[in-house]
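# here you go, sequence then predicted model.
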Amino acid sequence: MRRWLPLALVIAGILVAVALPRVLYSVLALRIMLWALFAVSVDLLLGFGGMLSFGHAAFWGGAGYTAALLAKTFQLPFPIAALAGTLAAMALATPIGYLAIRRRGIYFAMVTLAFAQMLFYVVNEWRDVTGGENGVQAVPKLLPGFSVSRTLDFYYAALPLILLGFFFAYRIVHSPFGHVLVSIRDNEARAQALGYPTQRYKLLAFVLSAGLAGLAGSLFAIGNSFASLELLHWTTSGTVVLMVVLGGMGTLWGGAIGAAIVLLMEDWLSGFTEASGVITGAVLVVIVLGFRRGLWPTLRDLVTASRHPEAPPSVDASAP
Amino acid sequence: MDLGYVSVQLFNGLVNGAFYALLSLGLAIIFGVMRVVNFAHGAFYMLGAFGAYLLLQQIALPFWIALVVAPLGVAVIGAVLERLFLRRLYPLDPLYNFLLTFGLTIFIQDAMRLRFGIQGQPYPMPAELAASVSFGAIGYPVYRLFVIAFSIAICFGVWYAIERTRLGMVVRAATERGELTRALGIDVDRWMTGVFGAGIALAALAGVLAAPMRNVSPLMGSELIILTFAVVVIGGMGSIVGAVTAGFLVGLLASLGAIFNPALENVVVFALMAVVLLVRPAGLFGSPEAE
């Protein structure tokens, strides 16, 4: 791929992000951007660290509740509430990650899933604070000196934070830390033999990923003025994994594209039926069976193949 | 705290444990033989309950017949899905089958929700078991005693079939040395479909047993499956004795937690899982090399 292509993609991405609420309605645009960041956080862990977290709803929702409660109780400006939510997610991820990285592969997925469900129960039972099944309602969107109560205004006010989140993910992947992470994914024993404290790397990756998920979740709860149990439900964890697999693991861009496609599809379908799970479930089955590489790597190969007809198709390196 | 209340709680803990044991036993068998973590286990549990419900509603078949017919019917569905889908992913990372069965779960759940609505449907208690026996001042429903006894009998039967019969020997051989078993002329693939069906039948059986106690609803398996995962992590994945023991243990401990604070009931399960991960990451009965 030519050297200017990544830069062109970044510029195109920013343009799309700026134009999105003009093309779609602003609530959907905000939802797409935040789920995209959420998916990127999961891809950071899955595609680059080889860890399938099936419990990222804990960080998305844990941060969402933290940010919503703080914004509501103390009338905090939303960037501060979002920062607090991000930190809360990272604090939550430290013990969960510490325990989860003791197991690998499928066990890791089950353990993260179980801990996320534990948080779901805790939030559900802790009614005095979290509102139980009613959630936290009427969360204010505040920014001193500006009026951001309209979703469209909030979108543009939050966009720098969202883009910063994407930038962080990009920096992590392209840093020496990111390269070590990939080497752990590919061969943990060898990375260990080379002297890398792999457990510490994995834990750090887990906490950073949770932080990004937390940033997205905080902005999601404040943007919707509502934190509900759905944020914490295991279907949320599963949906975000579906987005990553659909878009292509280990690509970062893929997660964002997958998020956009799933949400556009759900939005379109909600006009016809309430059972969107039937469609998303079927889509996941089809992808896993016949399209494991995901959209982004497929598109990338199409583009590069048309430019360099002699280039061999890249190998499927996306398997965790 | 009065003793009567404690004993009722412990009794209910045993009943819950009976369900955990049946469900995690099915998961353990499927995992042991084909290395698949079946996310759809809770959905098959729900289908078992609906099977019993529909058999009664549509053709007035009583509980006792449903107890045999519904698990067999759901097992056939499971076997077909195994042939169509799961089979293709065996050579790949087990995570793909986890994702596949997750997709199947939300598909099945939502399809049932679309057809039957979110409202729970009551299923009548079989008349023979509707009574209650009393020890001292406390009455225990006979049906729940039946659930405990029946579950223990089934778990023992499965253990016997795997450890002490020729069929079990083949299954264990296929689990440990698949290629070698094939080389000896045994059609491992055919056995896999059967084993998957058997694991699914256990889940559906638990569903039929649950029908008279809990409402039959499309989401009845949705939270149970996550709790069952925790049970399986505690017991040690793939260990049959571990699955059953951890099932009853978790049921009892959760009910003890509920004595102190009802909100704790489910949280206790995950706290126990955290402790097990710290002390014995492979699970109580798991072997460390099983990773």
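Cool, the structure landed. Numbering: from 1, shown residues only, chains lettered A, B, ... in the order given.

# skipping its backbone neighbours, what lies nearest A:L92 in space?
Here the nearest residue to A:L92 in space, its sequence neighbours aside, is A:G62; by CB to CB, 6 or more residues apart in numbering or on different chains that works out to 5.0 Å. The C-beta positions use only the backbone N, C-alpha and C, and glycine is treated the same way.

# repeat that for B:L23.
Per CB to CB, 6+ apart, closest to B:L23 is B:T228, 4.6 Å.

# B:A21 is in contact with that neighbour, correct?
No: here B:T228 does not reach B:A21: they are 9.8 Å apart, not a contact under CB atoms under 8 Å.

# more neighbours: the two, which one.
Neighbours around B:T228 and B:A21, counted as other CB atoms under 10 Å in any protein chain shown, are more numerous at B:T228. The numbers are 33 against 30.

# list, one by one, the residues from the stretch 101-250 of chain B near chain A.
Counting by CB under 8 Å from any CB of the partner chain, the stretch 101-250 of chain B comes close to chain A at B:102-111, B:113-114, B:223, B:226-227, B:229-230, B:232-233, B:237.

# of those residues, buried ones?
With neighbours counted by 16 or more other CB atoms under 10 Å in any protein chain shown, these contain buried members at B:102-111, B:113, B:223, B:226-227, B:229-230, B:232-233, B:237.

# so where's chain A uncertain?
Within chain A, the stretches with pLDDT under 70 are A:1-2, A:271-275, A:305-320.

# show me where it has its helices.
A:4-23, A:26-43, A:57-74, A:78-100, A:105-125, A:127-130, A:151-173, A:176-186, A:188-193, A:198-224, A:234-247, A:253-269, A:276-290, A:295-307 (DSSP state H).

# want to throw these into JSON lines with mean neighbour count and distance to B:F63?
Supplementary listing: the helices of chain A in JSON lines, determined by neighbours: other CB atoms under 10 Å in any protein chain shown; distance: least, CB to CB, whole Å:
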{"stretch": "helix A:4-23", "mean neighbour count": "13", "distance to B:F63": "56"}
{"stretch": "helix A:26-43", "mean neighbour count": "26", "distance to B:F63": "44"}
{"stretch": "helix A:57-74", "mean neighbour count": "27", "distance to B:F63": "38"}
{"stretch": "helix A:78-100", "mean neighbour count": "22", "distance to B:F63": "42"}
{"stretch": "helix A:105-125", "mean neighbour count": "24", "distance to B:F63": "31"}
{"stretch": "helix A:127-130", "mean neighbour count": "13", "distance to B:F63": "37"}
{"stretch": "helix A:151-173", "mean neighbour count": "18", "distance to B:F63": "53"}
{"stretch": "helix A:176-186", "mean neighbour count": "17", "distance to B:F63": "51"}
{"stretch": "helix A:188-193", "mean neighbour count": "14", "distance to B:F63": "51"}
{"stretch": "helix A:198-224", "mean neighbour count": "26", "distance to B:F63": "45"}
{"stretch": "helix A:234-247", "mean neighbour count": "26", "distance to B:F63": "31"}
{"stretch": "helix A:253-269", "mean neighbour count": "21", "distance to B:F63": "39"}
{"stretch": "helix A:276-290", "mean neighbour count": "20", "distance to B:F63": "30"}
{"stretch": "helix A:295-307", "mean neighbour count": "15", "distance to B:F63": "49"}
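
# how about the residues of the stretch 51-200 of chain A that lie near chain B?
Selection of the stretch 51-200 of chain A residues close to chain B by CB under 8 Å from any CB yields A:52, A:54, A:99-100, A:102-107, A:109-111, A:113-115, A:117-118, A:121-122, A:125-126.

# could you check the pLDDT of the closest residue in space to B:G51 that isn't next to it in sequence?
Taking CB to CB, 6+ apart, and ignoring the residues beside it in sequence, B:G51 has B:A70 as its nearest neighbour in space, at 3.2 Å. In the predicted model, B:A70 carries a pLDDT score of 95.

# pretty sure A:N124 sits against A:G132.
Yes: using CB under 8 Å, A:N124 is in contact with A:G132, at 6.0 Å.

# quick one: low-confidence ranges for chain B?
Applying pLDDT under 70 to chain B flags residues B:1, B:288-291.

# which helix runs longest in it?
With DSSP H as the criterion, chain B gives helix B:3-34 as its longest helix.

# how much does that helix deviate in direction from helix A:105-125?
If you take axes from the mean of the first three to the mean of the last three CA atoms, to 10 degrees, helix B:3-34 sits at 150 degrees to helix A:105-125.

# so which bits of helix B:3-34 are buried?
Residues of helix B:3-34 classed as buried under the neighbour-count rule (16+ other CB under 10 Å) are B:8-9, B:11-34.

# repeat for stretch B:149-156
By neighbour count, with 16+ other CB under 10 Å as the criterion, the buried positions of stretch B:149-156 are B:151-152, B:154-155.

# next one: stretch A:70-87 to chain centre, how far?
On the basis of CA atoms, centre = their mean, to the nearest Å, the separation between the geometric centre of stretch A:70-87 and that of its chain is 20 Å.

# now do A:S147 against A:V18, distance only.
Between A:S147 and A:V18 the distance is 20 Å, computed by CB to CB, to the nearest Å.

# just to revisit the earlier point, next SSE after the longest helix of chain B?
Per DSSP states H and E, the first helix or strand lying C-terminal to helix B:3-34 is helix B:41-59.

# now for the following helix or strand past that next one, which elements pack on it?
Later in the chain than helix B:41-59, the nearest helix or strand by DSSP H and E is helix B:63-84. Contacting helix B:63-84 under the criterion 3 or more CB pairs under 8 Å, 6 or more residues apart in numbering or on different chains; DSSP states H and E are the following elements: helix B:41-59, helix B:188-210.

# gap between the longest one and the chain center?
Averaging C-alpha positions (CA atoms, centre = their mean) puts helix B:188-210 10 Å from its chain's average.
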